[in-house]
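Visitor: pasting the sequence and the predicted model now:
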Amino acid sequence: MADAVVTFDGVWKKFRRGERHDSLRDLIPSAVRRLLGRTVDDELHNQEFWALRDVSFEVARGEAVGIIGPNGAGKSTALKLLTRIMKPTRGRCSVRGRVGALIEVASGFHPDLTGRENVFLQGAIMGMSQADVSTRFDDIVSFAGLEAFLDTPVKRYSSGMQARLGFAIAAHMDPDVLFVDEVLSVGDISFQSRCTDKMREHVRRGTTLIFVSHNLQAVAALCRRCIVLGAGTKLHDGDPEQGIATYLEAGQKFSSRYSAADQTFRVRSIAMGRRHGRAGPLHPHEPCSLTVVLECLRDSPPANVGLELERTRDLFYAYGATSEELGLELVACRAGETVTVEMAFVAHLARGHYRVNINVRDPREGRFLCYAENAATFAVEERTTYDGVVDLELQMRIAKTPDAATAEPVTLPIATA
Amino acid sequence: MSSLLMNDVREMLHEQVQYRDLLYQMVKRDLLLRYKQTLMGLGWAVFMPLLNTAVFSVIFTRVAPIDPGVPYPIFAFCGLWVWNFFASALKFAVGSLTANANLVTKVYFPREIFPLAAVAVCLVDFAVAGIVMAALMAFYRITPGVSLLCLPLILCVHVVFTTAVALLLAMWNLFYRDVKYLFEVVIVVWMFTTSVVYPVALVGGRLAVLMRLNPMTPIIEAYRSVLLFGEWPAAMPMIAVTAFSFAVLFAAWLMFHRAEFQFAENV
């Protein structure tokens, strides 16, 4: 990429598990190397592991890229390499232009100094000149909403106030590349939305944005490209919706609901049926069927079967129902039996990707006998531009009358029961 | 190899220019904090060498009288004043990286800033205590001669050598915390192998040779020659210590710069 601002080229990074040395014999040569400032060797030794393994990507000027992945995937390591806090063990990592980071925005504050003094200190830590801070001082303070507390030592600030001040300073630098890590979790709702607005503003002005987050919704809203890391490797690079689906699949085995269920039943197969055997994404309002075959592994108490739909982008809970709620009898099974569940529904859903969770639950004990997350996935095609999860089949008519007295009530050509 | 070296040097200088405001802010932070957290503020910079001078004056004028050629109190104050800058700068520098671990692991900027700020803060103290030095000189009616022109050079070598050791100690202490404890012992021994409170001339034999090899001895003696005796500093030791100090600073800074990226993982 000719215009790459951020380059991550075959990057490997190793870390050490546990203590630094096992014996005095190891200690002496390593200590000498260390005290003389020699560079580390790039082979994996005892007790070491790769936090990043051959990860490459490039980001062009003005792109907004989200990085997601489960804990321990290497997101923070990647960010530390990008912000030059660490160097890669192998490979190359470079960033061109002025770097801004919304990471630990209050880390340079000294509790005994006042808000005013800390603004200048933190500004300098972030690489702003004193002149820059002076000209933006009023904006910073009013963005943080802390005019009244400027001469109060920061130790008397609440943690929210500290974070707001830190974010305000960082947000008022003029970087070419902006790294953001989970700052949106600080502050109250109104401050959070101001932060998001500020990030959008940066993107609009052509700042390159790299956004590391667990907040899938925010990633999907801000970024057109999404990189998924899992166990130190790149799993996906491209469309955010697909990236989020990849991420959820990778993170599935960590799900608490899944592990809480005992394995009395197992989903042997799940098949989606569509009229005339159509393929591809569903149309909104397309009738379809779902056939689930469950295998009973142990004798089970009377149980019901549940269906859940979640939007993959953000795990929005779109629909849920159980056989009991539909008026069906509970079923009790013996080990070895199979149960076939047939369902039919109409996909009154808005565009997007959805996933199907199937569960079997003992209603008396309130215990899951089976919880198959992501048993199937499907997409609803993009035909309209509305947002949300349901398709209301909304119709609208707008009429204009010159004078309120002659206005007739609007009647829509649809039945209202 | 030499292009790699040039690259490093260019990077080191460029970073210092880019972050010059940060060094200023860090020094300001430390001085402000001293004022806020202590009653005496900069008074401590004057009080400590004065107290030490009083103690050593009692020892070396009453218990074991020596004749250094000028009144003993001003002889001792001059040595302690110069030594104090060196020792206290190192004391602040040795823990400067580990005390700011939260910054080292989270934000990027040249890490040299921490030991350099420690040296700069102590330089402010040194200047303040310099006023006392001038007052004592007036009190004992000592007027320096033309050799005072050497003072900036001596100060420069003094600061360069202090900075070099500060960089090394800060870096070593980050990797092995033992360095801080070792330092506390070594600095006391080092003081008594330097001509801080007695002239080298009074120490005979091999110990005197050792003392003359110690870079702090020619520095302190140069200050005394210029300020108290109105003489030019001894040429050979001065040239040697100047060359040595700059060489150590260069090596220390380069080592520091090359090890810098490991700091976040090891702090």
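Guide: Yep, that arrived. Residues are numbered from 1 along each chain as shown, chains lettered A, B, ... in the order given.
Visitor: count of neighbours near B:V58?
Guide: When neighbours are counted by other CB atoms under 10 Å in any protein chain shown, B:V58 registers 11. Quick note: C-beta positions are derived from backbone N, CA and C, even for glycine.
Visitor: sketch out the low-pLDDT regions of chain B for me.
Guide: The model of chain B has pLDDT under 70 over residues B:1.
Visitor: near chain A, which residues of it? Just list them.
Guide: Selection of chain B residues close to chain A by CB under 8 Å from any CB of the partner chain yields B:18-19, B:21-22, B:24-26, B:28-29, B:32-33, B:36-37, B:102-103, B:105-109, B:171-172, B:175-176, B:254-259, B:261-262, B:264-266.
Visitor: redo that, cut-off 7 Å
Guide: Residues of chain B that fall close to chain A, judged by CB under 7 Å from any CB of the partner chain: B:19, B:21-22, B:25, B:29, B:32-33, B:36-37, B:102-103, B:105-109, B:172, B:175-176, B:255-256, B:258-259, B:261-262, B:264-265.
Visitor: if any of these are buried, put those into a ChimeraX selection.
Guide: Those of the residues of chain B next to chain A that count as buried under 16 or more other CB atoms under 10 Å in any protein chain shown are selected in ChimeraX with:
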select /B:19,21,22,25,29,32,33,103,105,106,107,108,109,172,175,255,256,259,261,262,264,265
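Visitor: for the stretch 51-200 of chain B, what spans make up the helices?
Guide: All helices of the stretch 51-200 of chain B, identified by DSSP state H, counting those that start in this stretch, fall at B:72-94, B:96-99, B:101-104, B:113-139, B:151-175, B:178-192.
Visitor: among those, show me which one is buried the most.
Guide: Highest mean neighbour count of those: helix B:72-94, a mean of 24 (counted as mean count of other CB atoms under 10 Å in any protein chain shown).
Visitor: could you check the angle helix B:151-175 makes with that helix?
Guide: With axes from the mean of the first three to the mean of the last three CA atoms, to 10 degrees applied, the angle from helix B:72-94 to helix B:151-175 works out at 40 degrees.
Visitor: which strands or helices does helix B:72-94 pack on?
Guide: On a contact count with 3 or more CB pairs under 7 Å, 6 or more residues apart in numbering or on different chains; DSSP states H and E, helix B:72-94 meets helix B:43-58, helix B:113-139, helix B:151-175, helix B:178-192, helix B:216-224.
Visitor: for B:L249, which of these is the nearest?
Guide: helix B:151-175 (3.9 Å; CB to CB).
Visitor: ok now the closest one, how far from the chain's centre?
Guide: Here helix B:151-175 is found 6 Å from its chain centre; the criterion is CA atoms, centre = their mean, to the nearest Å.
Visitor: stretch A:3-11 now?
Guide: Once both centres are worked out by CA atoms, centre = their mean, stretch A:3-11 turns out to sit 22 Å from its chain's centre.
Visitor: same check, this time on stretch B:98-113
Guide: Distance, stretch centre to chain centre, for stretch B:98-113: 22 Å (CA atoms, centre = their mean).
Visitor: do stretch B:17-25 as well
Guide: With CA atoms, centre = their mean, you get 21 Å for stretch B:17-25.
Visitor: may I see the buried residues of the helix or strand containing A:S193?
Guide: Using DSSP states H and E, A:S193 sits in helix A:189-204. Buried residues in helix A:189-204, counted by 16+ other CB under 10 Å: A:191, A:194-195, A:198-199, A:202-203.
Visitor: intersect these with the contacts of chain B.
Guide: Within these, nothing lies near chain B by CB under 7 Å from any CB.
Visitor: got JSON lines for those, with pLDDT too?
Guide: Listed next are the buried residues of helix A:189-204 as JSON lines, based on pLDDT from 0 to 100:
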{"residue": "A:F191", "pLDDT": "75"}
{"residue": "A:R194", "pLDDT": "79"}
{"residue": "A:C195", "pLDDT": "79"}
{"residue": "A:K198", "pLDDT": "82"}
{"residue": "A:M199", "pLDDT": "82"}
{"residue": "A:H202", "pLDDT": "85"}
{"residue": "A:V203", "pLDDT": "84"}
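Visitor: pLDDT weak spots in the stretch 51-200 of chain A?
Guide: Applying pLDDT under 70 to the stretch 51-200 of chain A flags the ranges A:182-187.
Visitor: residue boundaries of the helices in it?
Guide: A:75-82, A:115-125, A:130-144, A:159-171, A:189-204.
Visitor: switch those over to TSV; also include distance to A:V339.
Guide: Converted to TSV, the helices of the stretch 51-200 of chain A look like this (distance: least, CB to CB, whole Å):
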stretch	distance to A:V339
helix A:75-82	41
helix A:115-125	62
helix A:130-144	59
helix A:159-171	52
helix A:189-204	45
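Visitor: mind listing what's buried in stretch A:137-149?
Guide: A:137, A:140-141, A:143-144, A:146, A:149.
Visitor: out of those residues, which touch chain B?
Guide: Among those, no residue is within reach of chain B (CB under 7 Å from any CB).
Visitor: closest to chain B out of the residues you listed?
Guide: Nearest to chain B among the buried residues of stretch A:137-149: A:F137, at 14.1 Å, using CB to the nearest CB.
Visitor: list the contacts of that closest one.
Guide: Residues counted as contacts of A:F137 (CB atoms under 7 Å, 6 or more residues apart in numbering or on different chains) are A:V119.
Visitor: how far away is the nearest residue to A:C296 once chain neighbours are set aside from A:V339?
Guide: Nearest residue to A:C296, sequence neighbours excluded (CB to CB, 6 or more residues apart in numbering or on different chains): A:C333, at 3.9 Å. Distance of A:C333 to A:V339, computed by CB to CB, to the nearest Å: 6 Å.
Visitor: find residues that contact each of those two.
Guide: Shared contacts of A:C333 and A:V339, counting by CB under 7 Å, 6+ apart, come down to A:C296.
Visitor: the two: which has the busier surroundings?
Guide: Ranked by neighbour count (other CB under 10 Å), A:C333 and A:V339 place A:C333 first, with 22 against 17.
Visitor: how about the secondary structure of that one?
Guide: With DSSP: H, G, I helix; E, B strand; the rest coil as the basis, A:C333 sits in coil.
Visitor: so it makes contact with A:L294?
Guide: No. Counting by CB atoms under 7 Å, A:L294 is not a contact partner of A:C333; they are 8.4 Å apart.
Visitor: tell me who's in contact with the residue in the stretch 101-250 of chain A that chain B sits nearest to.
Guide: The stretch 101-250 of chain A approaches chain B most closely through A:A124 (4.0 Å), counting by CB to the nearest CB. Shown in contact with A:A124 (CB under 7 Å, 6+ apart): B:21-22, B:25.
Visitor: so which of these are in helices?
Guide: Counting by DSSP state H, the contacts of A:A124 place B:21-22, B:25 in helices.
Visitor: returning to what we had before: where does the residue nearest to A:C296 land on pLDDT?
Guide: pLDDT recorded at A:C333 is 90.
Visitor: B:C122 and chain A: what is the separation?
Guide: 19 Å (CB to the nearest CB, to the nearest Å).
Visitor: which residue comes closest to A:D174 once chain neighbours are left out?
Guide: A:D174 sits nearest to A:R98 (CB to CB, 6+ apart), 7.1 Å away.
Visitor: thinking that neighbour is in contact with A:D176, fair?
Guide: Yes. With contact defined as CB under 7 Å, A:R98 reaches A:D176; the gap is 4.9 Å.
Visitor: ok, residue 103 - contacts?
Guide: Defaulting to chain A. Counted by CB under 7 Å, 6+ apart, A:I103 has contacts A:79, A:83, A:179, A:181, B:106.
Visitor: wait, chain B was what I had in mind.
Guide: Contacts for B:L103 (CB under 7 Å, 6+ apart) come out as A:107-108, A:125.
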